[in-house]
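Asker: Here is a sequence together with a model predicted from it:
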Amino acid sequence: MGSEVIDLGDATLLPGLIDTHTHLLTRLDTAKEIDPEKGIRILQTETSRRVLLGAAMAREMMDAGYTSVRDLGNSGRNGDVALRDAIEEGLIPGPRMQVSTRALSPIGGQFRHLPAISQPLVDEEYAVITGVEEARKAVRQAIYDGADLIKVIVNKGSLVLSSDEMKVIVEEAHRAKRKVAAHATHGPALRIATGAGVDSIEHGYIVPDDVWKEMAQKKIYLVPTDATLEGYKAFLVTPRHLPLDEEMTIVRELSTFNQGNTARLTIARKLGVPIAAGSDRYFRSERQTRGQASLDVLLSYVEAGMTPLEAIRTTTICAADLMGWAQKVGSLAPGKFADIIAVKGDPMKDITTLARISFVMKGGSIVRNSKQTK
Ligand SMILES: [Zn+2]
């Protein structure tokens with residue numbers, strides 16, 4: 001009764017994709033801004049401007065098939081909340097969002113040493129933690145500001161949040177039914193974060209075996225924000241136009257990094273650590289939209305030995321589970337939101353076909369329906 005039939009030909013249908021690590025309100029020009037003063041322009045950009053950038057990135061994500069994202073900070077003061085709410089109210093198109101507001105972090109946020117006079121600007125971007133009570137207060141502030149989850153930078157350089165601080169963060173967040181996403185790359189941060197019972201480890205480049213086991217046992221997700229070698233090169237090499245010998249050095253370092261990432265993914269999978277996909281795209285991609293560029297992370301998982309189906313699960317059903325949205329999204333079933341995409345070809349055989357999305361539906365509304373492939 002009143003239902004419409006949509007003929008998509010021989011396309012493959014999948015649940016809408018989910019990216020569990022986005023920064024929609026940040027877009028750096030890699031060449032100028034990553035190095036040496038990482039993201040310094042962030043501090044000079046008003047939140048209002050960044051919300052408009054976020055609206056554009058949200059649209060680009062959705063056009064590429066992403067119907068849900070978990071946005072993990074670098075959004076100015078509550079810019080992510082404004083974006084999420086505008087999408088929810090139907091004012092602008094975009095994926096369903098969970099947002100973290102400002103990330104909790106050690107002194108200085110994720111910036112290199114800045115003059116003391118910049119502190120108020122750092123406070124717009126990060127909630128700096130220097131003790132247990134401050135940690136508790138920062139979680140409550142984030143919840144008050146509208147956070148759906150808490151993002152914590154556990155380590156930055158040699159600064160690492162303490163076990164006590166992390167425990168209070170998790171306790172306070174869980175009490176309010178908010179999950180905790182922990183940025184932890186290597187060293188003691190991993191053990192501190194998993195010990196405190198966070199819900200996901202973001203990045204996790206160098207993880208000791210006992211921590212992998214603890215993650216598997218506690219069902220703590222790994223969100224590997226990896227890229228293919230081509231992806232890394234596009235990010236770190238291409239925009240710089242370096243002298244050839246310098247470029248070769250960077251490419252060599254990147255391939256070592258890439259091999260390390262591949263190896264750790266194999267261990268994590270063998271030990272049964274749950275994995276959810278996260279692109280961590282926060283920079284401008286040449287010739288690709290944010291959504292198209294975000295698919296690179298899935299290619300990297302397949303390069304690292306996952307089957308295409310396994311990689312698709314990290315960006316659908318597993319991602320939904322990490323977000324606590326397994327009842328709503330991540331699979332095609334009665335009672336869930338009709339977030340559906342159609343792809344030309346068979347992504348189970350060839351993951352790169354995900355780049356040829358011809359149809360996107362969010363919550364039963366058609367967002368995109370193009371007959372021809374790109
Ligand atoms: Zn990130």
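Answerer: Perfect, I can see it now.

Asker: give me the element Asp164 is part of.
Answerer: Asp164 is located in helix 163-175, with elements delineated by DSSP states H and E.

Asker: Could you pull out the buried residues of that helix?
Answerer: Of all the residues in helix 163-175, those buried under the rule 16 or more other CB atoms under 10 Å are 165-170, 172-174. For every residue, glycine as well, the C-beta is placed using N, CA and C.

Asker: Then stretch 198-216?
Answerer: By neighbour count with 16+ other CB under 10 Å, stretch 198-216 contains the buried residues 198-205, 207, 211-212, 214-216.

Asker: Mind telling me the two of those residues farthest from one another?
Answerer: Comparing every pair within the buried residues of stretch 198-216 by CB to CB identifies Asp199 and Tyr205 as the most remote, at 18.9 Å.

Asker: related to what we said a few turns ago, among the buried residues of stretch 198-216, which lie within strands?
Answerer: Restricting the buried residues of stretch 198-216 to those inside strands, with DSSP state E as the criterion, leaves 200-203.

Asker: Save those as JSON lines, and put in pLDDT and distance to Ser294 too.
Answerer: Conversion of those to JSON lines gives the following (pLDDT from 0 to 100; distance: CB to CB, whole Å):
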{"residue": "Ser200", "pLDDT": "98", "distance to Ser294": "17"}
{"residue": "Ile201", "pLDDT": "98", "distance to Ser294": "20"}
{"residue": "Glu202", "pLDDT": "98", "distance to Ser294": "15"}
{"residue": "His203", "pLDDT": "96", "distance to Ser294": "16"}
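
Asker: Next, format the residues you listed as TSV and append distance to Lys151.
Answerer: Below are these laid out as TSV (distance: CB to CB, whole Å):
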residue	distance to Lys151
Ser200	10
Ile201	12
Glu202	8
His203	12
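
Asker: which residues touch Lys362?
Answerer: Lys362 is in contact with 16, 62, 67, 95-96, 337-339, counting by CB atoms under 8 Å, 6 or more residues apart in numbering.

Asker: Any quick ChimeraX command for the buried ones out of those residues?
Answerer: Selecting in ChimeraX just the buried members of those, where the criterion is 16+ other CB under 10 Å, is done with this command:
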select :16,62,67,95,96,337,339
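
Asker: Would you mind checking which of the contacts of Lys362 is nearest to Gly79?
Answerer: For Gly79, the nearest member of these is Pro95. The distance, counting by CB to CB, is 15.9 Å.

Asker: mind listing what that closest one touches?
Answerer: Residues in contact with Pro95, defined by CB under 8 Å, 6+ apart, are 16, 58, 61-62, 66-69, 87, 362.
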